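1. this is the structure alone, sequence omitted:
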């Protein structure tokens, strides 16, 4: 959680997946966002689904320990998938969430459409269009080969836009954010005991 | 993990859910199974889905710390559900799995049909029939009001039957179990580092 009096904050964005997990970290100072790191974790070579899940928990935990984010934003699985994919994605996403919640970090979720819209202004933009816009906004020299990393960075930026610039997109901070904040302030014992 | 030379073992069974999570613990000595505890955790009153997920992780962790199981068995979500339910159940199940995997416990998954079949001999049995059979096998004095607890106990017993009595059901220990064991023995560094 953000320390009292700290005006800067770090946001971790995660694009959950059972084969590739993308992550992106941004550092906010005032109204300026700066890229800290983005990368992917390949889970393709893990010998079983169980080992993949174990790895997702450990890798998310280690990213959190290294970059000490104040907030974690995740891309929600796309509902068009079949039930088996949804189950696998739900597990992967839930495990990343658990790693963050276990560290008392507030967790937020955005739909793929919402993320694209917040970056490019269009919910139907391609991954490449999103990546190019992020490159411009954050002055990134070269884009990564795998766009799962820029997808994750887009989630972090979407969360930043949602909560920092209400006048730009005509919306207040997300409801989830408010309810978590309210919950934390109303139930200090429930979240400080870990 | 089981200590070398220990012949008894403790199995934790979990019936994951986003409103009610059931759990059952059995203690195996030789070929005798004994009920240690079964109960439910109600998540209905939690203010948000995120808080529910956080609670699932913490409650599973606390059950593991209290009962020190050697193995964890979970009921797999039933594929007949819709995608939104699958996503929610996948998250809940994944989070319980993460809590167990984080403690280096081997995790196993059984379908609802497989669980019923291993207890009553019929994959189409009702929850009540499963509960009554468990009452008989484990000499349980009175059954709990909510059958989510007996469902979880059934998962633990199913795992015990699968791995301890290959001659009774005509099958060897589950593939998942073997692959985890193989992985652990082949990759000691990967699982002992936590």
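-> Great, that's in hand. Remember, predicted model here, so these are calculated numbers, not experimental data.
2. next, residue A:70: phi, psi?
-> Here is the backbone geometry of residue A:70 (degrees, to the nearest 10): phi -90, psi -30.
3. wait, residue A:75 sits on residue A:16?
-> Yes. Taking C-beta atoms under 8 Å as the definition, residue A:75 is a contact partner of residue A:16 at 6.8 Å. All C-beta spots, glycine's among them, are computed from the backbone N, C-alpha and C.
4. okay, now residue A:152: neighbour count?
-> Per other C-beta atoms under 10 Å in any protein chain shown, the neighbour tally for residue A:152 reads 28.
5. ok, it - contacts?
-> A:13, A:14, A:15, A:22, A:23, A:24, A:38, A:75 (C-beta atoms under 8 Å, 6 or more residues apart in numbering or on different chains).
6. just checking, it is part of a helix?
-> Yes. Applying DSSP: H, G, I helix; E, B strand; the rest coil, one finds residue A:152 inside a helix.
7. residue contacts, the spatially closest residue to it that is not a sequence neighbour?
-> With sequence-adjacent residues excluded and distances taken as C-beta to C-beta, 6 or more residues apart in numbering or on different chains, residue A:152 is closest to residue A:22, at 3.6 Å. If a contact means C-beta under 8 Å, 6+ apart, then residue A:22 has A:14-15, A:38-41, A:146, A:148-153 as its contacts.
8. from the residues you listed, pick the one nearest chain B.
-> The nearest member of the contacts of residue A:22 to chain B, counting by C-beta to the nearest C-beta, is residue A:14 at 13.7 Å.
9. partner strands of the strand or helix carrying the closest one, with direction?
-> Take DSSP states H and E as the rule and residue A:14 turns out to sit in strand A:9-15. Its sheet considered, strand A:9-15 pairs with strand A:20-29 (antiparallel), strand A:71-75 (parallel) by DSSP bridges.
10. wait, residue A:122 sits on residue A:116?
-> Yes. Contact criterion C-beta under 8 Å: residue A:122 and residue A:116 qualify, at 6.5 Å.
11. between these two, who's got more neighbours?
-> Shown here are residue A:122 and residue A:116; by other C-beta under 10 Å, residue A:116 has more neighbours (23 against 13).
12. give me the pLDDT for the more buried one.
-> Model confidence at residue A:116, expressed as pLDDT, equals 96.
13. if I look at the spatially closest residue to it that is not a sequence neighbour, how far off is residue B:37?
-> Residue nearest to residue A:116 in three dimensions, not counting chain neighbours: residue A:125, with 4.6 Å by C-beta to C-beta, 6+ apart. Using C-beta to C-beta, to the nearest Å, we find residue A:125 at a distance of 52 Å from residue B:37.
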